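In: my questions are about this predicted structure, shown below with the sequence.
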Amino acid sequence: MSFLEDLKSKILIGDGAMGTMLYSHGVDRCFEELNLSKPDDVKRVHQAYIQAGANLIQTNTYGANDIKLSRYGLEDEIRQINKTAVEIAKRAATSSTYVFGTIGGVRSFKKSAHTLEEIKRNFREQLFILLNEDVDGLLLETYYDLEEMKTVLQIAKKETNKPIIANVSLHEAGVLQDGTALTDAFSTLEELGANVIGLNCRLGPYHMIQSLEEVPLLESAYLSVFPNSSLPALNEGRLVYESDEGYFKESALKFRDQGVRLIGGCCGTTPKHIQAIAEAVGHLAPVTDKKVRVPKQVQVNITSSNTDTLPPLQEIVKEKRSVIVELDPPKKLGMNKFLEGAQALHHAGIDALTLADNSLASPRVSNLAAGILAKEKTGGRALIHITCRDRNLIGLQSHLMGLHSLGLSDVLAITGDPSKIGDFPGATSVYDVSSFDLISLIKQFNEGVSYSGKPLGEKTNFSVAAAFNPNVRHLDKAVVRLEKKIAHGADYFISQPLYSSQQIVDVYEETRNLKAPIYIGIMPLTSSRNAEFIHNEIPGIKLSDSIREKMAAAGTDKEQARQEGLAIAKDLIDTAFDLFNGIYLITPFLQYDLTVELTNYIHEKEKQLAERKITHV
Ligand SMILES: Cc1cc2nc3c(=O)[nH]c(=O)nc-3n(C[C@H](O)[C@H](O)[C@H](O)COP(=O)(O)OP(=O)(O)OC[C@H]3O[C@@H](n4cnc5c(N)ncnc54)[C@H](O)[C@@H]3O)c2cc1C
Ligand code: MET
Ligand SMILES: [Zn+2]
């Protein structure tokens, strides 16, 4: 009888975890290497599962591929590790045990870590070795990334007619990491020819049962599950799983009700769990009919709770001149000077106060707190910078929900200066997502959907700015990045400060066909030392010789340097004013009198222009 023939009328029992079993026996290194150094240990685990009632065992090859083995310097052993794994499993198997060759997924949620080409190469190599050893079928498991699963499944289908089990890992109940509903993912894998399709790892029975309630029986494939024994807990730095075999008995019956025909276990499960499953459903016939729960239609409020009624900045700056000013939250406690600055700038008539997110990777008062205080004090708009550096995906989403709840809907989505350059060089730079992904994530919030595809209950109404760094050798390449950011949903751009009129003209020429407006950055210099620091130490920014000479000539006299810095900034504004509607002024060291003066200067120029137009008429 073949595996697929068997499944026509039976529920088959899979094995349980290999990795966590070996780990609990004290192995804390590459589990697959044990095929070579301790084959008997691996064989004993297989035998324990067979004795417990497993009809199918999987080779100890979950991570036996180039990408994963090279983390241990074992990439040259791929062939031997996979070959031996099949031999060990076959030695452990009885005449009725199916031996499947396991290949695990390599992508985590960071897609960029491995390109599809890399994944294809990596997969093919392991696949050919396993197929050569004549396994009874393939078990593709722990695929978080549907794109990766689709890619490898297509390759496997081309190379073999043997049965293929395709198990994905859920991100949350009912959805994969890219937001695909489980039902849709299963249909896709069915279309691509997987013979058994299911879930493994990451979650325990509770979430898997809940997820399967929405999945119909498949027409040309069977369903499988390999749940973890529980959610993991962290105990003295180690991941540990609870294990209650009685619970697995009950769960196995529920899996059967959902139409599952192959039931095993993943991380944390032991032969006792497999025995519990076998005792519960091993003798039962599979169900052939099931009632599918229709997913709850979650009402998404179209009108968000955010009360901001101002038009978004991208609309304003498309229509008319607009000045936004960065005033960074202080590095020390005490908000008085900051709030005085916010008030003064508001009086000067700016369209938004922008607040950096721990710029130069040094801690400052939270820009969310400072933004709210400024908004309350002035009634003006606060634009919050959000970096990918300080918050992981959980923190970023929580932060966005917080901003929305507080009525802050203007954000700048940026990668963030790496922590290496700041006051805490040892601190972790998170970078779970890139600025592109962050922009998409925020735009998805605007559709009322979380990163993982879950409804948020309301739609946010974020207007999303992105960063433009024109201080690069190839401006055309920077513009390509801007186009990519627009494709991800950026509404407009805010540039780094520019220090040459010619550069402003070049930026205009290069970006004039761009579909999103740009605020051009201008930051007044405060002293010659400040100018030299920016020129020599801020990556990418170069001041012209004449600007550096002017600042040097101003000497150490503070007032003279201040006047010179303002004069240079005004010159730059004169150029930007003719070419761009948007000007972004950056306040150095909370010296808001400088940016107030420059705001007044811009407004004065605008007034004069309007008057000239009237006289012309
Ligand atoms: C208006 C503005 C506000 C900012 N506010 C903050 C802040 O509040 N907090 C903070 O920590 N940082 C801030 N920064 C700095 C910013 O995070 C970094 O300068 C960042 O690397 C550039 O913008 P981004 O985050 O969108 O990077 P991305 O465009 O996502 O770039 C990511 C990576 O690619 C590199 N890169 C960018 N452009 C090119 C190119 N043309 N060619 C090759 N490589 C390139 C970058 O150096 C970076 O390593 C701000 C920058 C700007 C322009
Ligand atoms: C990380 S998922 C677990 C994969 C493999 N089946 C094992 O039990 O080791
Ligand atoms: Zn697992």
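Out: Perfect, thanks for sending it. Ligands and ions are numbered 1, 2, ... in the order given.
In: point out where the stretch 201-350 of the chain drops to low pLDDT.
Out: Along the stretch 201-350 of the chain, segments meeting pLDDT under 70 span 237, 296-309.
In: hmm, 80 instead?
Out: 234-239, 243, 295-309 (pLDDT under 80).
In: with the stretch 451-600 of the chain instead?
Out: Counting by pLDDT under 80, the stretch 451-600 of the chain shows low-confidence ranges at 452-454, 538-540.
In: which one of the residues in it is closest to ligand 3?
Out: residue 452 (19.1 Å; C-beta to the ion). Just so you know, the C-beta spots here come from the backbone N, C-alpha and C atoms, and that holds for glycine as well.
In: which non-adjacent residue is nearest that residue?
Out: Leaving aside its chain neighbours, residue 452 sits nearest to residue 171 (4.6 Å; criterion: C-beta to C-beta, 6 or more residues apart in numbering).
In: how many neighbouring residues does the one you found have?
Out: Here the number of neighbours of residue 171 (other C-beta atoms under 10 Å) works out to 21.
In: pLDDT at it, what is it?
Out: Looking at residue 171, its pLDDT is 87.
In: thought it was touching residue 144?
Out: Yes. If you go by C-beta atoms under 8 Å, residue 171 and residue 144 touch, sitting 7.0 Å apart.
In: nearest residue to the middle of this protein?
Out: Centroid check for the chain by C-alpha atoms, centre = their mean gives residue 433 as the closest residue, at 3.7 Å.
In: the residue of the stretch 451-600 of the chain closest to ligand 3 and residue 172 touch, don't they?
Out: Yes. At 5.1 Å, residue 452 counts as touching residue 172 under the criterion of C-beta under 8 Å.
In: any figure for the gap between residue 99 and ligand 1?
Out: Taking C-beta to the nearest ligand atom, to the nearest Å as the measure, residue 99 falls 47 Å from ligand 1.
In: quick check, that residue in a strand?
Out: Yes. Counting by DSSP: H, G, I helix; E, B strand; the rest coil, residue 99 falls inside a strand.
In: dig out what it forms beta bridges with.
Out: Per DSSP bridges, the residues bridged to residue 99 are residue 57.
In: count of neighbours near it?
Out: 22.
In: residues in contact with it?
Out: Contact partners of residue 99, counting by C-beta atoms under 8 Å, 6 or more residues apart in numbering, are 56-59, 86, 89-90, 93, 135-136.
In: any chance of those in TSV, plus distance to ligand 3, pLDDT and neighbour count?
Out: Below are the contacts of residue 99 laid out as TSV (distance: C-beta to the ion, whole Å; pLDDT from 0 to 100; neighbours: other C-beta atoms under 10 Å):
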residue	distance to ligand 3	pLDDT	neighbour count
56	16	98	25
57	15	98	28
58	11	98	28
59	15	98	31
86	21	98	23
89	18	98	29
90	23	98	17
93	22	98	19
135	20	98	24
136	21	98	18
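In: so which of these belong to strands?
Out: Applying DSSP state E to the contacts of residue 99, the entries found in strands are 56-58.
In: out of those residues, who's near ligand 2?
Out: For ligand 2, the contacts drawn from the ones in strands among the contacts of residue 99 by C-beta under 6 Å from any ligand atom are residue 58.
In: ligand 2: which of the ones in strands among the contacts of residue 99 is nearest?
Out: residue 58 (6.0 Å; C-beta to the nearest ligand atom).
In: pLDDT score for the closest residue to that closest one other than its chain neighbours?
Out: By the measure of C-beta to C-beta, 6+ apart, the closest residue to residue 58 outside its immediate chain neighbours is residue 102, 4.2 Å from it. Residue 102 is assigned 98 on the pLDDT scale.
In: doesn't residue 102 belong to a helix?
Out: No. Residue 102 is assigned strand when assessed by three-state DSSP, not a helix.
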